[in-house]
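Participant: I'll drop the sequence and a predicted model, then ask my questions.
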Amino acid sequence: MTGHGHGHRHSRWRPHSHDSTDRLDHALETSRRGVRTLVWSFAALFVTAVAQLGLVLVTGSVALLGDTIHNFADALTAVPLGIAFLLGRRAATRRYTYGLGRSEDLAGVVVVLVVAASAAIAGYESVVRLLHPEPVGHPWVVAAAGLIGFAGNELVARYRIKVGREIGSAALVADGLHARTDGFTSLAVVAGAAGVALGFPIADPIVGLGITVAILFVLRDAAKEVFRRLLDAVDPESVELAERTARDVEGVLGTRDLRMRWIGHQLRAELAVTVAADLTVEAAHALAHDVEHRLVHTIPRLTAVVVHTEPSTGADRAHEAVHH
């Protein structure tokens with residue numbers, strides 16, 4: 001913990017060492033939860049995709065092939081996310097002073113690219129089959145494979161989204177949304193199989209195209225989630241709650257310049273608080289601690305805050321002098 005004061009009584013705060021230890025333990029635990037989630041969901045999706053691939057070879061269904069490709073892609077997105085979670089555990093260094101938590105955002109970009117690639121492959125195969133029809137065998141086997149895909153994906157989606165939201169990982173939530181869409185596209189495979197069974201073989205490539213469109217919708221949602229995080233977007237409600245919480249601390253006369261950003265799945269913040277001009281540096285320093293303590297215990301997933309105290313008179317003149 002360090003503090004400093006100038007003639008106009010500024011104070012800058014850093015967390016206590018035991019607070020840092022607590023937060024490091026929490027960060028490691030959230031990363032462990034993320035890795036566990038990825039391992040189990042990877043196993044479930046890989047088994048699902050392998051089972052479906054075997055049935056694709058038997059039936060020749062292009063709709064089922066598109067669903068299988070997407071399931072393999074969804075399973076493989078666990079790899080960059082797992083690497084990102086492991087990198088996020090590393091301690092900050094002199095070069096990477098915030099640690100490597102932002103690698104999680106890069107993994108999110110990989111997820112988006114994989115989703116886009118799977119949409120392209122599924123769409124291409126469907127168009128080819130539409131232009132050059134081929135018979136689909138064993139439609140009820142295709143339907144069973146679709147149900148298998150739905151069950152596996154929905155379980156994985158619920159698990160990833162739940163844990164992703166609990167630990168604040170946009171990349172994991174995006175991957176969960178990806179899996180959920182896979183589940184519904186698997187149900188579309190069942191519909192295509194029913195169409196084939198009823199004498200409409202063109203239903204299979206049409207469903208394949210429908211799956212491509214569904215993938216594009218999840219691509220839009222996942223890209224929005226990931227790129228907002230890349231651009232340091234935060235929930236405006238969290239910003240308002242942080243400002244209100246800081247203002248409610250006894251001794252705080254006002255707040256300004258609040259900034260928040262995600263580092264991996266942890267939030268960091270900095271803000272200036274206005275205090276009485278006659279406070280000593282020591283008292284202003286203690287007040288900064290109070291603000292930090294209240295914020296960390298009020299804002300979900302907020303783990304670090306820098307609080308800058310300014311006197312109620314004279315601060316603006318000092319800022320102008322710095323800028324000129």
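Facilitator: On my side now, so go ahead. Numbers count the residues shown, from 1 in each chain.
Participant: not counting sequence-adjacent ones, nearest residue to the residue most central in space within the chain?
Facilitator: In the chain, the residue lying closest to the centroid (Cα atoms, centre = their mean) is A170, at 0.9 Å. Excluding the flanking residues, the one nearest A170 by Cβ to Cβ, 6 or more residues apart in numbering is R229, at 4.3 Å. Every C-beta, even on glycine, is put in place using the N, C-alpha and C of the backbone.
Participant: which helix or strand lies directly C-terminal to the helix or strand where the one you found lies?
Facilitator: Element membership of R229, judged by DSSP states H and E, is helix 203-230. Counting by DSSP H and E, the element after helix 203-230 in chain order, helix or strand, is helix 236-247.
Participant: right, and the helix or strand after that next one?
Facilitator: strand 254-263.
Participant: ok, that following strand: who's next to it in the sheet?
Facilitator: strand 266-275 (antiparallel) (DSSP bridges).
Participant: helices or strands next to whichever helix or strand comes after the partner strand in the packing?
Facilitator: Once strand 266-275 ends, the next helix or strand along the chain (criterion: DSSP H and E) is helix 281-298. When contacts are defined as 3 or more Cβ pairs under 8 Å, 6 or more residues apart in numbering; DSSP states H and E, helix 281-298 sits against strand 11-12, helix 236-247, strand 266-275, strand 302-311.
Participant: buried sites along helix 281-298?
Facilitator: 283-292, 294-296 (16 or more other Cβ atoms under 10 Å).
Participant: rebuild those residues as a markdown table, extending it with pLDDT.
Facilitator: Shown next, in a markdown table, are these (pLDDT from 0 to 100):
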| residue | pLDDT |
| --- | --- |
| A283 | 91 |
| A284 | 91 |
| H285 | 91 |
| A286 | 92 |
| L287 | 93 |
| A288 | 93 |
| H289 | 92 |
| D290 | 93 |
| V291 | 94 |
| E292 | 93 |
| R294 | 93 |
| L295 | 94 |
| V296 | 91 |
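Participant: okay, those in CSV with distance to G60 next?
Facilitator: Below are the buried residues of helix 281-298 laid out as CSV (distance: Cβ to Cβ, whole Å):
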residue, distance to G60
A283, 78
A284, 74
H285, 73
A286, 73
L287, 72
A288, 68
H289, 68
D290, 69
V291, 65
E292, 63
R294, 63
L295, 59
V296, 58
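Participant: before we move on, the earlier item: so the helix holding R229 versus strand 254-263, what angle?
Facilitator: Angle between the axes of helix 203-230 and strand 254-263 is 130 degrees (criterion: axes from the mean of the first three to the mean of the last three Cα atoms, to 10 degrees).
Participant: okay, buried residues for helix 203-230 please.
Facilitator: Those buried within helix 203-230 under the rule 16+ other Cβ under 10 Å are 203-212, 214-216, 218-219, 221-223, 225-226, 229.
Participant: same question for stretch 265-280.
Facilitator: H265, Q266, L267, R268, A269, E270, L271, A272, V273, T274, V275, L279.
Participant: which of those residues lies closest to T313?
Facilitator: T274 (9.6 Å; Cβ to Cβ).
Participant: report the two of the buried residues of stretch 265-280 separated the most.
Facilitator: Farthest pair in the buried residues of stretch 265-280 (Cβ to Cβ) is H265 and L279. Separation: 36.0 Å.
Participant: which helices and strands does the helix holding R229 pack with?
Facilitator: Going by 3+ Cβ pairs under 8 Å, 6+ apart, helix 203-230 lies up against helix 62-76, helix 103-131, helix 170-197.
Participant: including mean pLDDT, could the ones you listed go into a markdown table?
Facilitator: Conversion of those to a markdown table gives the following (pLDDT from 0 to 100):
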| stretch | mean pLDDT |
| --- | --- |
| helix 62-76 | 76 |
| helix 103-131 | 82 |
| helix 170-197 | 77 |
